[in-house]
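S.K.: give me a 3D structure for the following:
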Amino acid sequence: MQQNCGSIRRRKEMRSQPTKPVNSASSFGPGFASRSAMDVDDRSASTSWHSSTTCLDGQMEETVSGPRHAVVEVRSRDGSPARTLSLYHSTIPEELAGYLRVMMPGETGVEQSGEELAENFLEALDLPPVTKQSLSELDIQSIITNIKLRHDVNFDRDLSFRPNVDGVKGQEKERVADKYWGALIAELVLYNRMFHGTPPLSPIQVEAFTPYAQRRIPILFQNVRDVLKSLVPDRDHSRVDEHLDVPMLMQAIERGVCDLGRLSEWMAQLLKEHCAPMRDILVDEMVTCTRLGEADRNLEKIVEGLRKLFGILEAMKLDVANHQIRNLKTLLIEDSVNFEKHYHLDRLVHGRARVNINTAQTWFTDAVDEFGPQCSPRPRAGPCFELEVFTRAVTAITFGRDGRSDFPDTFFLDHDRLASLKAEVDDLVMFEVCMEMYTQLARQLGYQGSMTLAIGQQLRTALSAIMGEAVGHGPHQWMLNSEALSLEILRQASHLAGQTPSCSFDHMAEANQHLRTLFVRRSSWHASRLEASLLPQILANVDRHSTSSPIELFNALVSISPSMPPLPSLSRPNIADTFAFAHLHPETAKLTDLANRVTHIILLHWRIWGPIAYVQEDGSQRSASTDGNAMANQVSQSQSQSRQVASNAEKDASTVPTSMRTGEKLDKGQEAHGCHQSLPQ
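M.R.: Residues are numbered from 1 along each chain as shown. Sure, this is the predicted structure:
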């Protein structure tokens, strides 16, 4: 733990060496055993802090027998010769925690219990939740070399970074942060006792205990300084160093003269000079919180102000990174194919790839055998034929034909995108099943009219409301909600036929069982129908955009809205075929968007991986063993272009922090976009 206390090494030096055991034991520890040992009077409190050591011939030794201990040389703060202190260094943190445990809520100026303070003090991390290192992935160099971001930017108009607070990982991150800030409160409690308590501790004890109590606060100030310097221009670095001189701040805290309120006001002025105006409210809240905590001697309020400060620093770093992504988006997209080919080839050549290239080659060979006969008449060895085979194979897996579900390893950067597509397809298929049951019931009840788009949309709206957040989580969610779904289908079918719904238990149970049977038996049939409806549109898109540049693909195929466009609410008259997707017509925005997204994945993937994993440059199919020399040649050819693009990106991004400091607001919807998560390299 001493290595985390570099900020106090100007005041002391500590060197330890093992010695033979002596008959000694600390009465410091027993003082924490119960509340009565600390709560009788000031004398008992003094005993718990002062009776652990006794001076014998100029050397400090423990007073009663106990386990093995160490002798520590402590340099006095007044410059006098160093003295040795005999104590149990391995137990000091536990002894400090023991002191915290016997404190009553309110006695320390905080509401947390002593047990909570002690647990946080012992278990929390030494580093704050936000550090310069943790924010390093938002640096421009990290952005332009982040393979997942470089790929994702092709598919999302609103791609941006935001704190990852969702899911299990987000909850764990929040729990760790809470424990850290709780530990910071515990350290301030210890500071109050060590430096300002009554009766005061001896200088020897203060020197011994300080390194263990100063685990986090010096590091916190160091991180504030480092992150601030990464956000402000070089001309302001000297100001940051002057106001955030960590040793001076620690001395001021120990002497009780540290004006955190004044420091927060200076920091607020600096932050407002360089952050977007939308962050000013957060900055003012930070100052107010710190000032109130200082005025009321409320340690929890002071720590809350520090927590808000780190939130502001993180938000500023995110603002800069997102601004850089917007400015560099066109450049990053245009270089996508070259960058990714270089990235993957380099790892294949050096044996660091996460892709089984032989499996991908085998997959494509099987696809040629299966889908080749279905392709349009054209030379079987040509690039158009191979691309059509690839398109049909990807579409078949997306729609789960014949139980297909797995893409080759080469799709690892598109895994989440493909999973989302498959989930949407599954929901469409399950809705088709519900529509089939709806039509059957309506016919049985005497309805002879056509199933218009408006009728289908009305049922879709009702079923979507029943499914709620379960939409997009697989067919099993439809099975779990089958009872409510079948009841709504029965109600709407009866209404359509002009009859009063039958609400008998037997009737509802029968409808539920019928729907569950249809889910099992008819899903694959409807999936095939949906695939047959969309495949021609996907093939037409592929042909139309086969020579388009990556930025042209982005502009043509990426939806302007991040959410799915709703189905039209207007009916299409005279559509008599119930199963011809009257309620999900192929020309609707929903299916068009699905076709565009599948097309985009296919074309970009083919340009990157086609010459690496599937076909030779001359159009012939790759053999099972890829030519390593050919790969090495491709690597060398793409390296110079990638380096030039990276250089241009860094040059263009050098002006971004300046423009951010003008207070430019983020694009609409940017902060609401999902967080970007980096893949492990």
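
S.K.: so where's the stretch 351-500 of the chain uncertain?
M.R.: 378-383, 401-405 (pLDDT under 70).

S.K.: would you map the helices across it?
M.R.: Under the criterion DSSP state H, counting those that start in this stretch, the stretch 351-500 of the chain contains helices at 357-371, 383-398, 415-444, 453-467, 475-480, 482-496.

S.K.: list the buried ones in the helix or strand just after the last one?
M.R.: Okay, so that is helix 482-496. Beyond helix 482-496 in the direction of the C-terminus, DSSP states H and E gives the next helix or strand as helix 505-544. For helix 505-544, burial by neighbour count (16 or more other C-beta atoms under 10 Å) applies to 508, 511-512, 514-516, 518-519, 522-523, 526-531, 533-535, 537-539, 541-542. Where C-beta positions appear, they are placed from N, C-alpha and C, glycine not excepted.

S.K.: out of the helices of the stretch 351-500 of the chain, the one nearest residue 262 is which?
M.R.: helix 415-444 (47.6 Å; C-beta to C-beta).

S.K.: so which other helices or strands are in contact with that closest one?
M.R.: Judged by 3 or more C-beta pairs under 8 Å, 6 or more residues apart in numbering; DSSP states H and E, the packing partners of helix 415-444 are helix 383-398, helix 453-467, helix 475-480, helix 482-496, helix 505-544, helix 589-609.

S.K.: now the angle from that helix to helix 589-609?
M.R.: 150 degrees (axes from the mean of the first three to the mean of the last three C-alpha atoms, to 10 degrees).

S.K.: now helix 415-444: buried residues?
M.R.: For helix 415-444, burial by neighbour count (16+ other C-beta under 10 Å) applies to 417-418, 421-439, 441-442.

S.K.: how near is the nearest residue to residue 147 once chain neighbours are set aside to residue 442?
M.R.: Setting aside the residues directly before and after it, residue 147 is nearest to residue 343 in space (C-beta to C-beta, 6 or more residues apart in numbering), at 5.4 Å. Separation of residue 343 from residue 442 (C-beta to C-beta, to the nearest Å): 55 Å.

S.K.: circling back to that earlier point, out of the helices of the stretch 351-500 of the chain, which is closest to residue 613?
M.R.: Between residue 613 and the helices of the stretch 351-500 of the chain, the shortest gap by C-beta to C-beta is with helix 357-371, which sits at 4.2 Å.

S.K.: could you check the angle the closest one makes with helix 589-609?
M.R.: Angle between the axes of helix 357-371 and helix 589-609 is 130 degrees (criterion: the same axes, to 10 degrees).

S.K.: neighbours of the closest residue to residue 512 other than its chain neighbours, how many?
M.R.: Leaving aside its chain neighbours, residue 512 sits nearest to residue 486 (4.4 Å; criterion: C-beta to C-beta, 6+ apart). Burial measure for residue 486: 23 neighbouring residues, criterion other C-beta atoms under 10 Å.

S.K.: so residue 486 touches residue 518, yeah?
M.R.: No. Counting by C-beta atoms under 8 Å, residue 486 stays clear of residue 518, with 9.7 Å between them.

S.K.: the residue nearest to residue 147 and residue 146 touch, don't they?
M.R.: No. Counting by C-beta under 8 Å, residue 343 does not reach residue 146; the two are 10.4 Å apart.

S.K.: pull out the buried positions in the helix or strand harbouring residue 220.
M.R.: In this structure, residue 220 is located in helix 217-231 according to DSSP H and E. Within helix 217-231, the residues scored as buried using 16+ other C-beta under 10 Å are 217-225, 227-231.

S.K.: of those, which is the nearest to residue 475?
M.R.: Taking C-beta to C-beta as the measure, residue 475 lies nearest residue 227 of these, at 46.5 Å.
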